[in-house]
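Engineer: next input, structure requested:
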Amino acid sequence: MIGLKGGCLILIVLGIALFIGLTFSRVLIPVFPIIVGIIMWFITKTQRKLIKTSPTPIYQVKEGWVKIQGTASALKTFETPYFKQACIAYAYEEGNVTYDSESGSEYVNNIIKKEEFQDFYLSNATGKIKVVLNQLNLSFLNVKSDTKHSIKHAVDDIRYTERTIKNGDMISVLGYAVKNSNYAYDLTEQANQPLVIATPNIEDKTTKAFRVFKYLMPYLILMYLAVNYFLFLAPIKPKVENSTAFALFSIFGMPILGILFGVFGSRSSGFSKVFFSTLGGICFFVSLLSFPLICLLYMIKTNQYTINQVWLSIFVCVSLALIFNYKKLNEIFDNY
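Structural biologist: Now for the predicted structure:
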């Protein structure tokens, strides 16, 4: 029953999305990327603040927002419910796993949460500071998970996940420094916002992800302007017969080429590796970015000439982005 209800819900959502896309396509196409950008801006607000804030030496801490990087320690220890890890704070989740046989997707529901935490200290070469916890947010820490499979029914599978802070862990804490009764400073919450706790490894990966976005952003803006120009502003739109071959190639052929070129690149070296890897990346990202738009344009019976120009705009912008930033992106992903 759960799978049936989930499937019906997905179909309803897809139907609503399709109706909105077909009915308001002229407005949706230029507005949707902007909406996505605004949403991503707010979602990544905490991550951006974390990586933009430089660590402060503990002896230089003053009242206000600071980030301290150091070794965590506390006298009391807890034991996590499933993996039995000794730690000074943990967040635990347990939920039932259901599977969609058609899409192969997994869904976790009926989630049970448990957490235990305490105040702890951060220490480094510049001193020692107390971290005061009123609520726990370990979402930026690495997760340890396991799925207990049922022999009888797949719906009885249970997923266990745990995030922990252990004695000796090197972590970063972004919080608000306030002076305590001993005239020293503690790290606390501010305005009911939990402390942001992360590891140097997570910070490094987040920084690299934002660097990738920074490198590609000018080309994404150029692609957005080019696509909207051919859709709404291009003065000449010659009538071109619909091409089934182009539709099949753009929707199915490009991802297949991306996989093939990627395999060739991984098995090559030197110039061949760079050449085929770049081609594979171009094909993959062009298909990823163009697939929903091309499908929508065919559904609303857009002129084939316009569809060709839109696809070509995406292809050119993606090609320029990957060719001119290949070395930078390669360095980032090699060390990711």
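
Engineer: what does stretch 292-312 contact?
Structural biologist: With CB atoms under 8 Å, 6 or more residues apart in numbering as the contact definition, stretch 292-312 has outside contacts at 21-22, 25, 29, 227, 230-231, 234, 237-243, 246-247, 250-251, 286, 290, 314. In short, each C-beta sits where N, CA and C put it, glycine included.

Engineer: and the buried ones among those, selectable in ChimeraX?
Structural biologist: Applying 16 or more other CB atoms under 10 Å to the contacts of stretch 292-312, the buried members can be selected in ChimeraX as follows:
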select :21,25,29,227,230,231,246,247,250,286,290,314
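
Engineer: what does the domain assignment say about the chain?
Structural biologist: By the assignment in automatic domain parsing, the chain contains the domains 25-43+205-334, 55-198.

Engineer: the first one: how far from the chain's middle?
Structural biologist: On the basis of CA atoms, centre = their mean, to the nearest Å, the separation between the geometric centre of domain 25-43+205-334 and that of its chain is 18 Å.

Engineer: ditto for stretch 134-144
Structural biologist: Worked out by CA atoms, centre = their mean, stretch 134-144 lies 17 Å from the chain centre.

Engineer: then stretch 106-126?
Structural biologist: 21 Å.

Engineer: may I see the buried residues of it?
Structural biologist: Buried, per 16+ other CB under 10 Å, within stretch 106-126: Val108, Glu116, Phe117, Gln118, Asp119, Phe120, Tyr121, Leu122, Thr126.

Engineer: wait, what's in contact with the spatially closest residue to Ile314 that is not a sequence neighbour?
Structural biologist: Sequence neighbours aside, Ser290 is the residue nearest to Ile314 in space, at 4.8 Å (criterion: CB to CB, 6 or more residues apart in numbering). Contacts for Ser290 (CB under 8 Å, 6+ apart) come out as Ser250, Met254, Val310, Trp311, Ile314, Phe315.

Engineer: residues of the host helix or strand of Ser290 that come out buried?
Structural biologist: Ser290 belongs to helix 270-299 when assigned by DSSP states H and E. Within helix 270-299, the residues that qualify as buried are 276-287, 289-290, 293-294, 296-298, counting by 16+ other CB under 10 Å.

Engineer: which strand or helix spans Tyr160?
Structural biologist: strand 158-165.

Engineer: cool, and Thr306?
Structural biologist: Thr306 belongs to helix 304-324, assigned by DSSP H and E.

Engineer: may I have that helix as PDB, with CA atoms only?
Structural biologist: Only the C-alpha atoms of helix 304-324 are listed here, as PDB (Å, rounded to 0.1, in the frame of the first residue of the first chain):
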ATOM      1  CA  GLN A 304      12.300  23.100 -35.200                       C
ATOM      2  CA  TYR A 305      14.700  26.000 -36.100                       C
ATOM      3  CA  THR A 306      14.200  27.500 -32.600                       C
ATOM      4  CA  ILE A 307      14.800  24.100 -31.000                       C
ATOM      5  CA  ASN A 308      18.000  23.700 -33.000                       C
ATOM      6  CA  GLN A 309      19.300  27.100 -32.000                       C
ATOM      7  CA  VAL A 310      18.400  26.500 -28.300                       C
ATOM      8  CA  TRP A 311      20.300  23.200 -28.300                       C
ATOM      9  CA  LEU A 312      23.200  24.700 -30.100                       C
ATOM     10  CA  SER A 313      23.400  27.500 -27.600                       C
ATOM     11  CA  ILE A 314      23.600  25.000 -24.700                       C
ATOM     12  CA  PHE A 315      26.200  22.900 -26.600                       C
ATOM     13  CA  VAL A 316      28.400  25.900 -27.400                       C
ATOM     14  CA  CYS A 317      28.300  27.400 -23.800                       C
ATOM     15  CA  VAL A 318      28.900  24.000 -22.200                       C
ATOM     16  CA  SER A 319      31.800  23.300 -24.600                       C
ATOM     17  CA  LEU A 320      33.400  26.700 -23.800                       C
ATOM     18  CA  ALA A 321      33.000  26.200 -20.100                       C
ATOM     19  CA  LEU A 322      34.600  22.800 -20.000                       C
ATOM     20  CA  ILE A 323      37.400  23.600 -22.500                       C
ATOM     21  CA  PHE A 324      38.500  26.800 -20.900                       C
END
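
Engineer: just the strands in this structure please.
Structural biologist: 64-73, 78-79, 86-87, 89-99, 106-116, 120-124, 127-131, 144-148, 158-165, 170-179, 185-188, 196-198 (DSSP state E).

Engineer: output the contacting helices and strands for the last one.
Structural biologist: Based on contacts counted as 3 or more CB pairs under 8 Å, 6 or more residues apart in numbering; DSSP states H and E, the elements that strand 196-198 packs against are helix 45-52, strand 170-179.

Engineer: chain center to that strand: distance?
Structural biologist: On CA atoms, centre = their mean, the centre of strand 196-198 falls 17 Å from the chain's centre.

Engineer: next: the second one.
Structural biologist: Distance of strand 78-79 from the chain centroid (CA atoms, centre = their mean) equals 31 Å.

Engineer: which residues does it contact?
Structural biologist: Under CB under 8 Å, 6+ apart, the answer for strand 78-79 is Gln85, Ala86, Cys87, Ile88, Ala89, Tyr90, Glu116.

Engineer: narrow these to those that are buried.
Structural biologist: Listed as buried from these are Cys87, Ile88, Ala89, Tyr90, Glu116; burial here means 16+ other CB under 10 Å.
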